[in-house]
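Enquirer: Quick one, structure for this:
(chains A and B)
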Amino acid sequence: MAGQELAGKVAIVTGGTRGLGLSCARKLAGAGAQIVVTGLDKARGEAAAQSIGPSARFVQQDVSKSADWPAVMRAAAEMGPLNIMVANAGISNFVPIELMDLDTFRALMETNLKGAFLSLQNATEAMRNHGEGGSIIMMSSVMGRMSAPANTHYSGSKAGIRLLMKAAALELGAEKIRVNAVLPGITHSDMTAGFDEAETAPALIPMKRFGAADEIGDAVLFAASDRSRFMTGTEMIVDGGLVAR
Amino acid sequence: MTPIEDLRDKVAIVTGATKGMGRSTAILLAQSGAKVIATGRSEEAGAETAEMMRAAGGEGLFMRQDVTVEADWKKVCEAALSQFGGLDILVNNAGVFMVKPIQETSEADFDWIYRTNVEGTFLGMKYGFEAMRKTGRGGSIVNVSSLMGQVGFPGATAYCATKGAITGMTKSAALEGADLTPPVRVNSLHPGVIWTEMITDQFGDDAALQQAFIEETPLKMIGLPEHMADAIAYLISDQSSYVTGTELTVDGGRGAD
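Expert: Next up, the predicted model:
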């Protein structure tokens, strides 16, 4: 049964210490994978790894800094050949165009877009080394297909991830490295803690509620598993119908 | 195919289940614990599907159905309600395929492909919604569109028209389904080239052709019915409980360029 479909597999989940990333890490671990979770905050990261269980390990990392990547890849290699990369780390804030200084813009782009690229590059190298392929999952967003005011940098970064994903899928397919993106809608997490669900969801979202982090985790688990072995270059939207209208 | 765990006590209808993707899907859902009504036009092939579902340890039966006939939909949905106590899952898989340039496509050709692919899917959603509403447990509908419901293909204008219609109808139905309590989710699946009778009836069961498709596909493999069954199982299960109105493309990367 699907229960242990990832037994013997090794995964990295960036930004895996809370919210969507933590849910993804729990789902993968629940299916039998060994996990490296990464994040900026050491105390929170170690607590997260402990809460996932003995199959998880935390490595402190800023995904946008290439110097932080070797330690992450070494930790994964100690578990075994890398099979799964969930490039989840991302930040969000709302700033109108004219008020946004370049540092704010760049900080978000470097984490969200460059971080996704470095995740892809490091995962590809590790997966090539063992030649059995793998699955790379990019956390994009419905904000990469639609948008909202004061969100140029975030929407831009998430739209960039969609096309980065497609280009990578075409480049890596022959090596059986699959690359897909998950596009969450408005999902309960620290990132959306300031949103009022009762106020916004009924009018905005066809399903009239925010998503749960685990509903994103289930999509990532599908994309990580062999159940999706013919799927690459695909955007999986998990948004309660938000972009359908 | 990987059985999934949360389909116990669910009731499913799978159309076009006498071969190919529909048959694989019916078997996987039955194996995963759902009670499955597999439908299609061929009694003989349908009986084989029913036997395969039983052999996989599942519970299911075959009913003869032409998806373009309203009376057949009433009969099938009625059977789900009366024999299995409700309807939770509908896989609108039945479809036909044709490659013909525009000038060679007769009105009769167009009507034929349109009736099965578009009206068949529409009627499925119409009677499926009704049966799911009566059941009161919400539900999930998967409409099998195609990569050709997302991008064009030369010589396939009529087919692309029907599969594009499915892509659009799915989103509208998803918005209606989201207003039901509990909600009925509706999503479309977009297969790339899947090696089934749909292809081999049109082009012949030709190893060189299969190799050409493999070469054209970024993952360098041919799509198989079981790949689609696994994707459909994700979309109809509670694992996708926040997914509605979306297009899931499973095409080995063909559509990514």
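
Enquirer: Would you point out the helix or strand in chain A whose mean pLDDT is lowest?
Expert: One helix or strand of chain A scores below all others by mean pLDDT, DSSP states H and E: helix A:197-204, with a mean of 94.

Enquirer: got a list of contacts for the helix or strand that comes right after it?
Expert: Downstream of helix A:197-204, the first helix or strand assigned by DSSP states H and E is helix A:213-224. Helix A:213-224 is contacted from outside by A:6, A:9, A:11, A:19-20, A:22-24, A:26-28, A:31, A:33, A:84, A:86, A:135, A:137, A:178, A:180, A:182, A:184, A:187-189, A:228, A:231, A:236, A:238, B:234, B:239-243, using CB atoms under 8 Å, 6 or more residues apart in numbering or on different chains. Bear in mind the C-beta positions are built from the backbone N, C-alpha and C, glycine included.

Enquirer: The helix or strand following helix A:213-224 packs against which elements?
Expert: The helix or strand immediately downstream of helix A:213-224 is strand A:235-238, counting by DSSP H and E. If you count contacts as 3 or more CB pairs under 8 Å, 6 or more residues apart in numbering or on different chains; DSSP states H and E, strand A:235-238 packs onto strand A:177-184, helix A:213-224, strand B:247-250.

Enquirer: does chain B sit close to the first one?
Expert: To tie it back to what came earlier, the one meant is strand A:177-184. Yes - using CB under 8 Å from any CB of the partner chain, we find that strand A:177-184 touches chain B at A:Arg178.

Enquirer: in its sheet, what does that strand sit against?
Expert: With DSSP bridges as the test, strand A:177-184 is paired with strand A:134-139 (parallel), strand A:235-238 (parallel).

Enquirer: do the same with the shortest one
Expert: Paired neighbours of strand B:247-250 in the sheet (DSSP bridges): strand B:184-191 (parallel).

Enquirer: who does the residue lying closest to B:Leu248 once chain neighbours are set aside bridge with?
Expert: Leaving aside its chain neighbours, B:Leu248 sits nearest to B:Leu189 (5.3 Å; criterion: CB to CB, 6 or more residues apart in numbering or on different chains). Taking DSSP bridges as the rule, B:Leu189 bridges to B:Val144, B:Leu248.

Enquirer: Identify the residues contacting B:Leu189.
Expert: Contacts of B:Leu189 by CB under 8 Å, 6+ apart are B:142-145, B:228, B:231-232, B:235, B:248, B:250.

Enquirer: Around B:Leu7, count how many other residues there are.
Expert: 25 (other CB atoms under 10 Å in any protein chain shown).

Enquirer: who's in contact with it?
Expert: B:29, B:32-34, B:89, B:233, B:236-237.

Enquirer: just checking: which of those residues also lie near chain A?
Expert: Within the contacts of B:Leu7, those near chain A by CB under 8 Å from any CB are B:Ala233.

Enquirer: Grab the nearest non-local neighbour of B:Gly177.
Expert: According to CB to CB, 6+ apart, the nearest residue to B:Gly177 is B:Val184 (3.6 Å).

Enquirer: Please report how far that neighbour lies from chain A.
Expert: From B:Val184 across to chain A, the span is 11 Å (CB to the nearest CB, to the nearest Å).

Enquirer: Count the neighbours of that residue for me.
Expert: Neighbours around B:Val184, by other CB under 10 Å: 27.

Enquirer: what bridges to it?
Expert: Bridge pairing for B:Val184 - DSSP bridges - gives B:Gly139.

Enquirer: What's the separation between the residue lying farthest from the centre of chain A and A:His153?
Expert: Centroid-distance maximum for chain A: A:Glu98 at 29.5 Å, with CA atoms, centre = their mean. Separation of A:Glu98 from A:His153 (CB to CB, to the nearest Å) stands at 13 Å.

Enquirer: next one: A:Arg178
Expert: Distance of A:Arg178 to A:His153, given as CB to CB: 28 Å.

Enquirer: out of these two, which sits in the more crowded spot?
Expert: A:Arg178 (29 against 23).

Enquirer: Kindly state the pLDDT recorded for the more buried one?
Expert: For A:Arg178, the model assigns a pLDDT of 98.

Enquirer: Give the full set of residues in contact with it.
Expert: A:133-136, A:169, A:172, A:223, A:228-229, A:231-232, B:219.
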